[in-house]
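Asker: Here you go, sequence then predicted model.
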Amino acid sequence: MMGNLTIRKRIMVILTSVYMISLVVAIVGGYFVLKQEATREAIEKTELFAAVMSANQLYMAQNIRPEIKNRLPDLYFPEATVGIQMLVETAELIQQSYPEFLFRVVSPNPLNPGNLSDSFENQLISDFNSRRYQHWEGFVEKNGKNYYAAAIPIEARGGCIWCHSTPDAAHPEMVEEYGTESGYGYKLGEVVGARVIYVPTAKAEELVRKKLVIFVSTLSVLFLIAFVLIDRVIIRSVVQPIEELTRVATDISKGRMDREFEVKSNDEIRALADAFNRMKVSLEKAISLIKR
């Protein structure tokens with residue numbers, strides 16, 4: 001098939017094939033690299049969010065709650081004495097600036113009905129209870145959106161049991177606010193819930209697509225410029241000289257012995273023209289001998 005094509009077309013076919021192969025490699029390789037970059041960014045955001053929440057919880061546990069309990073032991077102020085409440089309140093403040101982020105403190109047996117875990121979170125809590133792993137990270141779909149999520153278990157500790165063992169042991173104001181149906185029966189050391197951070201990947205994935213389009217477009221433009229330049233070089237350096245040699249050879253074959261094979265370049269085509277000129281001289285001598 002290639003044998004029926006001109007030199008110019010053969011080179012264009014080869015270059016087009018190289019372009020198509022390069023394009024496939026660029027798309028696959030570029031998508032992989034950019035996807036890894038998007039994943040790394042999602043992980044960093046998740047870890048940063050988690051670090052902020054953990055620092056707030058630790059500060060409350062070490063500085064605020066002990067002081068309040070010492071001064072006002074009977075005070076019911078969960079925003080400053082209950083770690084879960086503080087985390088939820090802090091997350092709501094963060095989400096005012098980053099509404100797309102989700103932070104959930106969930107449990108299959110929550111005190112606050114708004115913290116009831118879904119099927120995915122129930123499986124996480126079950127795996128935490130079976131000690132399958134100490135924390136979990138990965139991609140998950142939630143409400144039709146893709147997220148990178150990170151989860152850690154919440155264990156029932158001594159500070160939790162006093163208000164989550166039975167309604168009778170809990171603070172009366174807490175029982176009045178949340179009732180007696182859920183949030184009780186916790187056992188010391190049991191994983192009763194999970195803290196889950198969901199970071200959306202939509203923006204990162206969109207950025208990956210945009211970067212990939214820019215990369216592929218740039219590659220295509222460079223190949224197009226290369227095609228045009230190479231085509232011009234082939235026409236001027238190969239096609240036109242060969243066409244001129246062909247015309248001169250045709251004229252000589254018709255008896256126009258005054259024609260000369262002339263090539264301006266100093267390459268293989270010039271060597272071919274010189275060979276044709278020597279052959280012409282030999283032909284002229286042969287003709288002269290025949291005429292004698």
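Answerer: Looks like it arrived, so ask away. Numbers count the residues shown, from 1 in each chain.

Asker: Quick one: the helices in the protein, in order.
Answerer: With DSSP state H as the criterion, the chain has helices at 7-59, 65-71, 78-81, 83-97, 119-129, 158-164, 172-178, 202-234, 240-253, 268-291.

Asker: where does the stretch 51-200 of the chain have low pLDDT?
Answerer: By pLDDT under 70, the weakly predicted segments of the stretch 51-200 of the chain are 72, 75, 77-83, 159-162.

Asker: Now the residue nearest the centre of the chain: closest residue in space that isn't a chain neighbour?
Answerer: Nearest to the mean C-alpha position of the chain, by Cα atoms, centre = their mean, lies Lys35 at 1.9 Å. Distances taken as Cβ to Cβ, 6 or more residues apart in numbering place Val208 nearest to Lys35, at 6.0 Å, with adjacent residues excluded. C-beta here means a position set from N, CA and C on the backbone, and glycine is covered the same way.

Asker: Over to Glu121?
Answerer: Val106 (4.6 Å).

Asker: Dig out what the one you found forms beta bridges with.
Answerer: On the basis of DSSP bridges, Val106 is bridged to Ala194.

Asker: Quick check: the gap between it and Val199.
Answerer: Note on Val106: its distance to Val199, by Cβ to Cβ, to the nearest Å, is 16 Å.

Asker: more crowded one of the two?
Answerer: A count of neighbours by other Cβ atoms under 10 Å puts Val199 above the other of Val106 and Val199, at 25 against 21.

Asker: which residues sit in contact with the more buried one?
Answerer: Ala42, Lys45, Thr46, Phe49, Phe101, Tyr147, Tyr148, Ala149, Ala150 (Cβ atoms under 8 Å, 6 or more residues apart in numbering).

Asker: closest to Ala226 among these?
Answerer: Ala42 (37.0 Å; Cβ to Cβ).

Asker: what about Met53, how many residues close to it?
Answerer: Residues lying near Met53 (other Cβ under 10 Å) number 21.

Asker: Okay, it and Ile94: tell me how far apart.
Answerer: Separation of Met53 from Ile94 (Cβ to Cβ): 8 Å.

Asker: repeat for Leu111
Answerer: In this view, Leu111 and Ile94 are 22 Å apart by Cβ to Cβ.

Asker: Of those two, which one has the most company?
Answerer: Using other Cβ under 10 Å, the more surrounded residue of Leu111 and Ile94 is Leu111, with 24 against 15.

Asker: which ones are touching that one?
Answerer: With Cβ under 8 Å, 6+ apart, Leu111 has these contacts: His164, Met174, Tyr178, Ser182, Gly183, Tyr184.

Asker: sorry, back to before: now the common contact residues for Met53 and Ile94.
Answerer: Common contacts of Met53 and Ile94 (Cβ under 8 Å, 6+ apart): Phe103.

Asker: Quick one, grab the pLDDT at Ser288.
Answerer: For Ser288, the model assigns a pLDDT of 77.

Asker: That one: neighbouring residues, count only.
Answerer: The burial count for Ser288: 9, using other Cβ under 10 Å.

Asker: Would you confirm that Leu124 contacts Ala150?
Answerer: No: contact criterion Cβ atoms under 8 Å: Leu124 and Ala150 do not qualify, at 10.6 Å.

Asker: Now the common contact residues for the two.
Answerer: What both Leu124 and Ala150 touch, as defined by Cβ under 8 Å, 6+ apart, is the set Trp136, Val196.

Asker: Which one of these two is surrounded by more residues?
Answerer: Set Leu124 next to Ala150 and count neighbours by other Cβ under 10 Å: Leu124 wins out with 26 against 21.

Asker: burial of Ala170, as a residue count?
Answerer: Ala170 has 19 neighbouring residues, counting by other Cβ under 10 Å.

Asker: Touching, it and Tyr186? I think so.
Answerer: No: with contact defined as Cβ under 8 Å, Ala170 does not reach Tyr186; the gap is 10.9 Å.
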